[in-house]
Structures are given as C-alpha cells and as structure tokens.
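Q: Here's a sequence, model it:
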Amino acid sequence: MKFFLLFLTFLGIDLSLKWYLNNANIESITLIPYFLDYFLTKNTGIALSLFSSSGNITQIVLLVFIFLALIFLTYTFLKTRDQVQKVGLLLVLSGGFGNFIERLLYGAVTDYLHLRIGTTSLFVFNFADFLITLGAVLIIFIWIREEKNV
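A: Numbering: from 1, shown residues only. Next up is the predicted model:
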C-alpha cells in the first residue's frame with residue numbers, strides 16, 4: 001500500500017506541475033546560471049526528441065510500445081522482492097505513467113527544465129524524466145551489486 005501511495009504522490013506532483021506550468025504563462029528564466037533554465041516546450045517524441053517529427057502512425061506505435069513497456073515494468077515491480085529495486089521501478093513507473101498520460105491526452109509531453117553547460121544546450125526535461133532517470137540509476141546499481149555478489 002505504501003508503494004501505491006508513493007506512486008500516486010509522484011504521479012500527482014508530475015501532472016500537477018505540468019498542468020500549472022502550461023497555464024501559468026511564465027517567461028523563460030535562468031534558474032542556475034550557465035547550467036539550468038526554465039524553458040517550456042512540448043515534446044512529441046521520446047528521449048532527446050527522437051521521433052518528434054514522425055507521423056500519426058508512428059505516434060500510435062510509440063504509444064502502444066510505451067504502454068507495453070509500462071505493463072512489463074509493472075509486472076516486474078509486482079514480482080520483485082528486493083526493496084531497493086522496487087523503489088527504482090516505482091520511480092520509473094511514476095515518471096513513465098506521467099509522461100504516458102500526458103502523451104495520450106495531448107499528443108505531447110511538457111518539458112520545462114533546460115539543462116546546458118554555458119551556451120551548449122544538452123536537453124530539456126521534466127520531473128517525470130528525473131524520476132525515470134533516478135529509478136534507472138537505482139536499478140543499475142542493483143544489477144552491479146548483484147554481479148559483484150555472484
């Protein structure tokens with residue numbers, strides 16, 4: 001039950017942030033000089049805007065693929081006994097469902113944090129992407145830990 005409440009909390013924070021920022025009419029601003037800006041954009045693709053200029057059929061295939069991946073991750077979450085891996089999967093699922101719901105409803109995902117080094121742009125992301133990345137790092141940590149114990 002605690003995992004489900006945590007999932008709903010992270011999902012709620014993500015969707016609430018996206019809704020607020022889409023309706024707040026905030027100008028782009030620098031949050032951390034030379035490193036991080038607030039910059040609202042819509043991403044119709046996936047990571048690093050891959051597939052963003054594709055047609056409707058590709059977007060539907062992308063939605064189906066993402067949904068199937070989320071189902072697989074949910075199954076893996078339910079089967080695992082490792083509590084740290086459960087937390088990692090929970091983070092990935094929270095962010096994944098947040099982005100999936102927005103893509104399903106609006107055809108794009110709201111990104112708003114622009115990471116850069118000086119004038120070199122790296123990428124624009126959102127809270128869900130942060131959760132997915134953090135969860136993936138935890139899962140990789142588990143895999144490395146298990147490899148060392150073998």
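Q: contacts and neighbour counts: CA atoms only from here.
A: Fine.
Q: State the helix or strand in which the spatially most central residue of the chain lies.
A: Nearest residue to the geometric centre of the chain (CA atoms, centre = their mean): Asp129, 2.7 Å. Element membership for Asp129, per DSSP states H and E: helix 127-149.
Q: Would you mark the buried spots in that helix?
A: For helix 127-149, a neighbour-count test (16 or more other CA atoms under 10 Å) marks 127-129, 131-136, 138-139, 142 as buried.
Q: again, but for stretch 109-126
A: 109-116, 124-126.
Q: got CSV for these, with pLDDT and distance to Glu102 too?
A: Shown next, in CSV, are the buried residues of stretch 109-126 (pLDDT from 0 to 100; distance: CA to CA, whole Å):
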residue, pLDDT, distance to Glu102
Val109, 94, 6
Thr110, 96, 8
Asp111, 96, 11
Tyr112, 96, 14
Leu113, 97, 17
His114, 96, 19
Leu115, 96, 22
Arg116, 95, 25
Val124, 93, 16
Phe125, 95, 14
Asn126, 97, 12
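Q: between these, which is closest to Val87?
A: Among the buried residues of stretch 109-126, Asn126 lies closest to Val87 (CA to CA), at 19.4 Å.
Q: which one is that closest one nearest to, not counting chain neighbours?
A: Asp111 (4.9 Å; CA to CA, 6 or more residues apart in numbering).
Q: Distance from the strand or helix carrying Leu62 to the middle of the chain?
A: Secondary structure from DSSP H and E places Leu62 in helix 56-79. Taking CA atoms, centre = their mean, to the nearest Å, the mean C-alpha location of helix 56-79 is offset from the chain mean by 13 Å.
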